[in-house]
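> I'd like to go over a predicted model; first the sequence, then the structure.
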Amino acid sequence: MADLASRISKPDEAVAPQVEDPTEGSNSVGIVENAYDVEVKLADLQNDADSPLFSVQSFEELGLPKAINDGLLAMNFKKPSKIQERALPLMISDPPTNMIAQSQSGTGKTAAFVLTCLARVDLTKPQQPQALLLAPSRELARQIQGVIQTIGQFCENLIVQAAIPGEVSRETGVRASIVVGTPGTVMDLIRRRQFDVSQLKLLVIDEADNMLDQQGLGEQCVRVKGLLPKTIQILLFSATFPDNVHRFAQKFAPNANEIKLRHTELTVKGISQMYMDCPDESKKYDVLCKLYGLMTIGSSVIFVRTRESANEIQRRMEADGHKVSALHGAFEGQNRDALLDDFRSGRSKVLITTNVLARGIDVSSVSMVINYDIPMKGPGAGVPDYETYLHRIGRTGRFGRVGVSISFVYDRRSYDALSDIANHYGIDLVQLSPDDWDLTEKKVQDVIKSSRARPDYAPNALGN
Ligand SMILES: Nc1ncnc2c1ncn2[C@@H]1O[C@H](COP(=O)(O)OP(=O)(O)OP(=O)(O)O)[C@@H](O)[C@H]1O
């Protein structure tokens, strides 16, 4: 790595990244299923005791109502994953107890809390809000709404409503037993008395470390909670819980049962993490185009730091003949919904986006994630953002599938940031070089073509 170390170019210009408002705009709700997928042998992984997908139980043994089990069958969920098996009995037992639950990306946290909601709501009061779920972006709120509707398809009188901009009519207000929303819109609806929270018995916060972070959405979530019944059961879920937020989470959800992982347990085995050693910043775009020119990749996501670079890369890739979409907070809600639906359905195969879609989005056909910029946080964006790195790469390798992540480095600063991230999680990264495209192509294609996770794939260590 000495060659890279000696190639120190001046740090990034201090361009303030656009703060994304994930909740802007819009209308249509519902998820679009994938029309295609990569091969995966779930059964094998669910029998491997070391896998987060492993479980000794069946869903039937968890004692859920028949209508819910029928919904799971319709989704082709044969066995619970570890987080589902361990968290569910604790969450659905009486008296209701709070929960702080952590599990790797793509291991089925959504179904764990969705099943709890379905088990807890009284469907004889279909328009009375009883469970509130909060998520950081409109896309994730819509996705969770879709999962509830699919698993709950045999639950009579189930009404699920999205509390995101443009979804709740001013005349009628919220009329559903389960409400999934973003904190700002939920707060507005409560204040305008369009959302009766008096009978809520369950509050779920997905991506809870992000949602409770005092630098971000934390204040809003605390205000929402302050308006809810004091006895409400609180469930906090995420793949990451940095220590400072975890301490706050314990105050937010007092006396909670906890399922927690160590740093080193957080990475998903099926994701082969690589890095591309770019000659300098100005060459990053050429390297990206070359990568796409060479590879036949299913669907992929390119993460960039700012909206401007998302637009710029989209413009240049389209001019170079690639079909790509860009999605970020500057777009109107309805537009964002349509762009993501196109990506889910495979109509568009490359999505260029910012951190607005780093968390939670579940598109199983994604086989490659590019970190065009290494995620950074803190004053002057000077500290590697360990959590965002993990969530970004977690858009691939969903529920036992394989995937590749490629992080672009080009100078001492980006190299050090990635090394820090690798050390933090105890991971080895595979080096790719733009000087040997045959080898690069082979390394990436070997993974993408393999039909299942290969835990031992980690030559060329970086950072350890
Ligand atoms: N028991 C199961 N059997 C088969 N597939 C499942 C099961 N549970 C969940 N899945 C599928 O696994 C995928 C990932 O689940 P989910 O989106 O809930 O992950 P997650 O843990 O919330 O990830 P993230 O941390 O990225 O939000 C989804 O496509 C979901 O349908």
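All right, it came through fine.
> which residues of the protein score low on pLDDT?
1-47, 49, 54-56, 451-464 (pLDDT under 70).
> Next to the ligand, which bits of it? Give me the list.
Residues of the chain found near the ligand (CB under 6 Å from any ligand atom) are 77, 79-81, 84, 103, 105-111, 239, 360, 362, 364, 394, 398-399. Just so you know, the C-beta spots here come from the backbone N, C-alpha and C atoms, and that holds for glycine as well.
> Just the terminal-to-terminal distance for stretch 417-436.
Terminal residues of stretch 417-436 are spaced 24 Å apart (CA to CA, to the nearest Å).
> In it, which of the residues would be classed as buried?
417-422, 424-425, 427, 429-432, 434 (16 or more other CB atoms under 10 Å).
> so which of those residues comes closest to the ligand?
Tyr425 (14.9 Å; CB to the nearest ligand atom).
> Just list the residues touching that closest one, thanks.
263-264, 266-267, 386, 390 (CB atoms under 8 Å, 6 or more residues apart in numbering).
> and those residues, which are buried?
Members of these classed as buried by 16+ other CB under 10 Å are 266-267, 386, 390.
> Narrow these to those in helices?
Among those, the residues falling in helices (DSSP state H) are 386, 390.
> The buried ones among the contacts of Tyr425: which two are farthest apart?
Based on CB to CB, the longest span within the buried ones among the contacts of Tyr425 runs between Thr267 and Tyr386 and measures 11.2 Å.
> Got phi/psi on Met295?
Note on Met295: backbone dihedrals following degrees, to the nearest 10 are phi -100, psi 150.
> How about the residue of the stretch 251-400 of the chain found nearest the ligand, nearest residue that isn't a chain neighbour?
The minimum distance from the stretch 251-400 of the chain to the ligand, using CB to the nearest ligand atom, falls at Phe399 (3.3 Å). Take Phe399 and drop its neighbours on the chain: the residue closest to it by CB to CB, 6 or more residues apart in numbering is Gly106, 5.2 Å away.
> Which of the helices or strands spans that neighbour?
Under DSSP states H and E, no helix or strand contains Gly106.
> returning to what we had before: which members of the buried residues of stretch 417-436 are positioned in helices?
Reading helices off the buried residues of stretch 417-436 with DSSP H, I get 417-422, 424-425.
> so which of those would you say is closest to Gln273?
Nearest member of those to Gln273, counting by CB to CB, is Ala422, at 8.0 Å.
> So that closest one sits against Asp416, correct?
No. In this structure, Ala422 is not within contact of Asp416 by CB atoms under 8 Å, at 10.6 Å.
> Excluding chain neighbours, give the residue nearest to Thr396 in space.
Nearest to Thr396 is Gly403, by CB to CB, 6+ apart, at 2.8 Å.
> Tell me the spacing between the residue lying closest to Leu202 once chain neighbours are set aside and Thr116.
Nearest non-adjacent residue to Leu202, counting by CB to CB, 6+ apart: Ala131, 4.1 Å away. Distance, Ala131 to Thr116, by CB to CB, to the nearest Å: 8 Å.
> Looking at the two, which one has more neighbours?
Ala131 (26 against 23; other CB atoms under 10 Å).
> May I have the phi/psi pair for that one?
Dihedral angles for Ala131 - degrees, to the nearest 10 - are phi -130, psi 130.
> what does Glu60 give?
Main-chain dihedrals, Glu60, degrees, to the nearest 10: phi -60, psi -40.
> all strands of the stretch 301-450 of the chain, in order?
325-327, 350-353, 366-371, 376-377, 383-384, 403-409, 430-432 (DSSP state E, counting those that start in this stretch).
> Of all these, which one is nearest Lys283?
Nearest to Lys283, of the strands of the stretch 301-450 of the chain and by CB to CB, is strand 403-409 at 9.8 Å.
> Now do the contacts for the residue positioned nearest the centre of the chain.
Using CA atoms, centre = their mean, the residue of the chain that lies closest to the mean C-alpha position is Gly360, 1.9 Å off. By CB under 8 Å, 6+ apart, the contact list for Gly360 reads 110, 135-137, 139-140, 143, 206-207, 391.
> Tell me where the stretch 251-400 of the chain has helices.
In the stretch 251-400 of the chain, the segments counted as helices under DSSP state H, counting those that start in this stretch are 284-294, 307-319, 333-345, 386-393.
> Just grab the bridge partners of the residue nearest to Thr396 for me.
Gly403 has these beta-bridge partners by DSSP bridges: Ile271.
> contacting residues around it?
270-272, 366-369, 393, 396-397, 447-448.
> how close does it sit to the ligand?
12 Å (CB to the nearest ligand atom, to the nearest Å).
> Ok, Phe408 next?
According to CB to the nearest ligand atom, Phe408 and the ligand sit 22 Å apart.
> check contacts around Met317.
By CB under 8 Å, 6+ apart, the neighbours of Met317 are 288-289, 292, 324, 350, 352.
> just Ile190 next, same as before
197, 224, 227 are the contacts of Ile190 under CB under 8 Å, 6+ apart.
> what helix or strand does it sit in?
Per DSSP H and E: helix 183-191 holds Ile190.
> again with Ile100
Under the criterion of DSSP H and E, Ile100 resides in strand 99-102.
> Which other helices and strands does that strand contact?
helix 82-92, strand 233-238, helix 243-252, strand 257-259 (3 or more CB pairs under 8 Å, 6 or more residues apart in numbering; DSSP states H and E).
> list the buried ones in stretch 167-176?
167-168, 173-176.
> Throw those into a markdown table and include secondary structure, thanks.
As requested, those are arranged in a markdown table below (DSSP: H, G, I helix; E, B strand; the rest coil):
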| residue | secondary structure |
| --- | --- |
| Glu167 | coil |
| Val168 | coil |
| Gly173 | coil |
| Val174 | coil |
| Arg175 | coil |
| Ala176 | coil |
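> quick revisit: any idea how far the residue nearest to the centre of the chain lies from Asp286?
Distance from Gly360 to Asp286, by CB to CB: 32 Å.
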